[in-house]
Structures are given as C-alpha cells and as structure tokens.
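# Quick one, fold the following:
(chains A and B)
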Amino acid sequence: MNYQKLKGTLDFFQEEATKLRFVEEKAKSILKTFGFEEIITPIIEATDIFVRSSGDNSDIVTKEMYTFLDRGKRSITLRPEGTASVVRSFLENKLYVNSSLAKFYYCGPMFRYERPQAGRYRQFMQFGIEVFGEGGPFLEAEVIISAYKLLIALGIKGIKLKINTIGDFASRKDYADKLKTYFTGQIDDFCGDCKKRLEKNPLRILDCKIDSNKELVVNAPKIKDSLSLASLNNFNEVTDILTTMAVPYQIDELLVRGLDYYTDTVFEFILDVPGELQGLAICAGGKYADLVKNFGGPDIPGIGYAFGVERIMAVMTSQNLFNNLVKQTDIVIICLDPASKKMGLQLANQLRDENMIVEMDYKNYSLKQQFKLADKVNPRYIIIIGEEERNNGMITIKNTKNNTQEKIKKEQLIAYTKGKI
RNA sequence: GCGGACGUGGCGAAGUGGUUAACGCACUGGAUUGUGGCUCCGGCAUUCGCGGGUUCGAUACCCGUCGUUCGCCCCA
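Next up, the predicted model:
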C-alpha cells in the first residue's frame, strides 16, 4: 500500500520547516514591537461562522470550504481564513471590555478546496493580524505599515502595495446600482462570468482578467463618486500618512476584494517579480466596519490582513534570502570502542547542557567511518576517545578549521570549549 | 468546476515494441587493524504510478484511473 499526502497539501521538513519557522518568528517579533499579542483559535468552527462573515455568495463559501457533519450532526468547517474565528473569539470572550483597542496576530493553517497551482494549496499557512476598535486613519496606516515593515525586514524585493477604498455598505450599494445601470445592455461581448457578475456583484466586473482593459470598463463610473465625504477624507488621510512614512503605494480603483465583509480601505501587497509568482498577492486585507456588529456584537470596527506564508517562502527562496539557515553542528565525538562510547555519551550531554550542538556515531567503532559522519555535519571540533585516552582520563580534541589537535584532561573540556564555540 | 503538460530506484535523468532498464548524486561496504574530507573498486529498480486493452511480446502504443505540475475561475 502506498500512502501519499492529500492533493494540495505540503510536508515541511528539514530546510523547508526551518524556513517556515524563520518567517513565522520574524513576523512575530516585528508585530510584537507594534504591541500585538498572539491569539490561537481552533482550526474547526461552526460552518455558520464563515457563511456569516464571508458572505453566502462568496466563492469561498459556495465552493471552497471543507465542511462536514460531526457525529452530533453539527455542520463543521475547517477554517478557510482567519478573520471570522478571531472575530468570534473576540466576541465570545468579550475582549472589548478591557481596552478600546485590541490587537492580535495569529498564525496557522487555512483550508480551501481549490485546484492547486503555483502559490496555491488546499492547506496553507496564513500569518495575519486583526485589530478591533476605532483608530481612524492613523490606525489603518499603522496596520499597513506593519505589513510593509515585515516584508522589508524579510528582505523581499519587488513588492507593490495596491490600495483602494470601497466605501461603506451604503455607498457600495449605491455604486453597485450605478454600475449595473451603466453596464446593462452593453456587455454582450464580455465573458460569461462578467454577465453573471452584472446581477450578483457588478463590482467584480472591474477586475475581470479578461474584460478589464475594455474601454467600457475603463470609463465606468468610479467608486470615488459614490463615496461619502467621510470615507473619502479618511482614505485621503490614510494615503497621506503612508506618504509621510515613505511607504510606496499605488491607488488601484479597480481593487475589490473577494470577501464580503470589507468596507472602506482595502489593500494588497502583490509580487512584481519574474516567473510564476508574478502578480500573486502575498498579503491582503482591509477594514471591516460592521463585521463585529453583524456577528451580534457591539459596534466596533476591525481591520486586518493575512500573509500567505508559503508564497513568502517561495519568493524568499527565489531571491536567496534564506542563507543562514544551515544546520550547524559544534562538536562530533568519535569513540573507538564500547567503553569509550559510554564516556562519549556522558561528555556529549555535558556539552549539550552548555547549549552546544553535539552529535556522534552510534553504530560504528572504526575511526574512518566516524570521520565520515563528522565530514557530513562539518563540526567546529572533533573529539576522539579511545583506549589510550580513557586510560589517562584524557580526550583528543581537534580543531577542524586549522586542523590542529591536542590532548586535554576530560574535566577541562567544558572550560576549553567556553568562548570558542 | 474547466483546459494543457507530465508520472522510470531516495533525488536528478537517459532509453527501446522483445528479457542485463544507461548515467550522475545520495546511500552503503571495501582499499591490512587509531585520523577523515580526494581517488579507486564493489553493492544498491525481478522493474518503469495503478487498472485494463492491443500484441506472440509492452516500461514503451490505446483507454481509464490516481497523482504531480502549469494556466483559467477565485484567492494568501
């Protein structure tokens, strides 16, 4: 019987696991400087949580969720995104009572039943943040800045920040109606999807890959003209702050997000790099003014974003940004007979207590074979213990950098290595 | 959900309608028994994703299936 991983899933081991953890740790350390705290929520939630938040017409809900009935006949879903769970937890635990602003980051697997391709998997890691509370344009800008700083800290080149405002629900409804009127009867030569979108969600016609370059689309009514003055002012302030903070951005009036809960400011960091990753979003998010309220909670706005960790790993790999992740061994202990092996084991663990990385060959007794193991892990020092050393309470220690060796008393070993490794 | 490409040992990769399935890396053993990383020699796929068909014969041809991968839709 041959077992293999499920379609669209990934095993991370050795170097890849190290990369994943590296990105995660870096992200955490930067967000901590912004005062974020970690929130860990379950991977499974009641299906309704996601239907409510993403919208029952969204693609995620209609065709991408892993949903099943548990033994109690409850509909359970593997989370397709992080925001809904965090909002649920925020409300359930009344995390709004102690402060007017709650800032969380999370990291974990998300699940979407899609056809895998470059940078897309059925189980993928997202690193994201959510902030609850009224913070105005400064908060929104800070959130975007935190994402930007993170990408800079990771060293990723070729990223572009696209930002837009889609207004509140009222102005969006108004805008959708305008678009509908505008496009009705005019899109006979548009793709089939766009024809469907006209009824369902006319905003999506604007970022259709096939039709978005058409004159009709380019000249379509702009969302700006449907926005409330407050929305408009807010957006202008956000971009102003970004400019002040020297965060390059590009206003993209066609940027509309796929999840229904967004309002006002939405943004994406996309990759502008050659190859298959070109154009992929590595971070996306926005404001959601009414999501908490719609969940039955107080009227508290939220804003957040999520990074696609695998995508970040992919770009970083292609840009050679994982240089210092090689496994490092400090010492290999070579033991030439069983009695020496026991002594070696003791020494190894004493050294490990000093935080040194120590390995040894458990199987062989010949010097040559053990040296071969040592070559593979390329240690700073090689210790040799045989009958000769044992009888004198000595060990031989060899510096592999300059190929010198000396005999020292085994009691001196810790002191000898101090400061050298 | 739709379309294309691909599927040979741990990895990379050649190959042909007929029985020894190249080669490289990795792994493993050895080149006289306490000093390696180089070199040399040996071992390592009864088997070419799986199931069926065509054929005297298939890893090679056909069908199906599963899987990988890329694109579309959508998205991180």
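# Buried by neighbour count: which residues of stretch A:178-193 qualify?
A:178-179, A:182-183, A:187, A:190 (16 or more other C-beta atoms under 10 Å). Using the backbone N, CA and C atoms, a C-beta is placed for each residue, glycine as well.
# Where does the prediction get shaky in the stretch 201-350 of chain A?
For the stretch 201-350 of chain A, residues meeting the criterion pLDDT under 70 lie at A:207-214, A:258-259.
# same thing but 90
A:201-232, A:252-264, A:273-279, A:290, A:317-329, A:337-338 (pLDDT under 90).
# Around the nearest residue to A:Gly135 once chain neighbours are set aside, how many other residues sit close by?
The shortest distance from A:Gly135 to any non-neighbouring residue, by C-beta to C-beta, 6 or more residues apart in numbering, is to A:Leu101 (6.3 Å). Per other C-beta atoms under 10 Å, the neighbour tally for A:Leu101 reads 13.
# Please apply the same query to A:Val309.
The number of residues packed near A:Val309 is 23, by other C-beta under 10 Å.
# who touches it in this structure?
For A:Val309, the contacting residues are A:20, A:23-24, A:107, A:124-127, by C-beta atoms under 8 Å, 6 or more residues apart in numbering.
# out of the residues you listed, which are inside strands?
Members of the contacts of A:Val309 lying in strands (criterion: DSSP state E): A:107, A:124-127.
# can you narrow the residues you listed to ones near RNA strand B?
A:124, A:126 (C-beta under 7 Å from any atom of the strand).
# Closest one to A:Ser228 out of the ones in strands among the contacts of A:Val309, please.
When the ones in strands among the contacts of A:Val309 are ranked by distance to A:Ser228 (C-beta to C-beta), A:Gln126 comes first, at 31.6 Å.
# What parts of the stretch 251-400 of chain A come near RNA strand B?
Near RNA strand B, when you scan the stretch 251-400 of chain A using C-beta under 7 Å from any atom of the strand, you find A:257-259, A:268, A:276, A:279-284, A:306-308, A:310-311, A:336, A:364, A:366-369, A:371-372, A:374-376, A:378, A:382, A:384, A:386-389, A:396, A:398, A:400.
# now these: which count as buried?
The neighbour count (16+ other C-beta under 10 Å) marks A:257, A:259, A:268, A:280-284, A:306-308, A:310-311, A:336, A:371, A:374, A:382, A:384, A:386, A:389, A:396, A:398, A:400 as buried among those.
# Neighbour count and pLDDT added to the ones in strands among the contacts of A:Val309, as CSV?
What follows is the ones in strands among the contacts of A:Val309, written out as CSV (neighbours: other C-beta atoms under 10 Å; pLDDT from 0 to 100):
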residue, neighbour count, pLDDT
A:Cys107, 23, 96
A:Phe124, 20, 94
A:Met125, 22, 95
A:Gln126, 21, 96
A:Phe127, 23, 96
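# from the ones in strands among the contacts of A:Val309, which two are the most distant?
Pairwise distances across the ones in strands among the contacts of A:Val309 (C-beta to C-beta) peak at 11.7 Å, for the pair A:Cys107 and A:Phe124.
# any chance of the contacts of A:Val309 in JSON lines, plus distance to A:Tyr113?
Compiled in JSON lines, these are given as follows (distance: C-beta to C-beta, whole Å):
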{"residue": "A:Leu20", "distance to A:Tyr113": "22"}
{"residue": "A:Val23", "distance to A:Tyr113": "25"}
{"residue": "A:Glu24", "distance to A:Tyr113": "25"}
{"residue": "A:Cys107", "distance to A:Tyr113": "22"}
{"residue": "A:Phe124", "distance to A:Tyr113": "12"}
{"residue": "A:Met125", "distance to A:Tyr113": "17"}
{"residue": "A:Gln126", "distance to A:Tyr113": "16"}
{"residue": "A:Phe127", "distance to A:Tyr113": "22"}
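# just these now: which is nearest A:Met343?
Set against A:Met343, the nearest of the contacts of A:Val309 by C-beta to C-beta is A:Leu20 (38.2 Å).
# quick one, what contacts that closest one?
With contacts defined as C-beta under 8 Å, 6+ apart, the neighbours of A:Leu20 are A:12, A:125, A:309, A:313.
# Can you list the low-confidence ranges for the stretch 1-150 of chain A?
The model of the stretch 1-150 of chain A has pLDDT under 90 over residues A:1-8, A:10-16, A:51-64, A:68, A:98-99, A:114-118, A:135.
# Let's see that with 50 instead.
A:1 (pLDDT under 50).
# just the helices in it please.
Secondary structure of the stretch 1-150 of chain A, counting by DSSP state H, counting those that start in this stretch: helices at A:15-33, A:47-54, A:59, A:83-92, A:136-154.
# tell me the most buried of those helices?
When those are scored by mean count of other C-beta atoms under 10 Å, the highest mean neighbour count falls to helix A:83-92 (a mean of 22).
# who touches it?
Contact with helix A:83-92 is made by A:39, A:41-42, A:45, A:49-50, A:52-54, A:79, A:95-96, A:102, A:104, A:106, A:128, A:130, A:132, A:259, A:261, A:288, A:291-292, A:295-297, A:302, A:304, A:306, as judged by C-beta under 8 Å, 6+ apart.
# got it, and stretch A:240-258?
Applying C-beta under 8 Å, 6+ apart, the external contacts of stretch A:240-258 come out as A:58-60, A:137-138, A:141, A:144-145, A:148, A:160-164, A:166, A:203-204, A:206-207, A:212, A:222-224, A:239, A:266-268, A:284, A:286.
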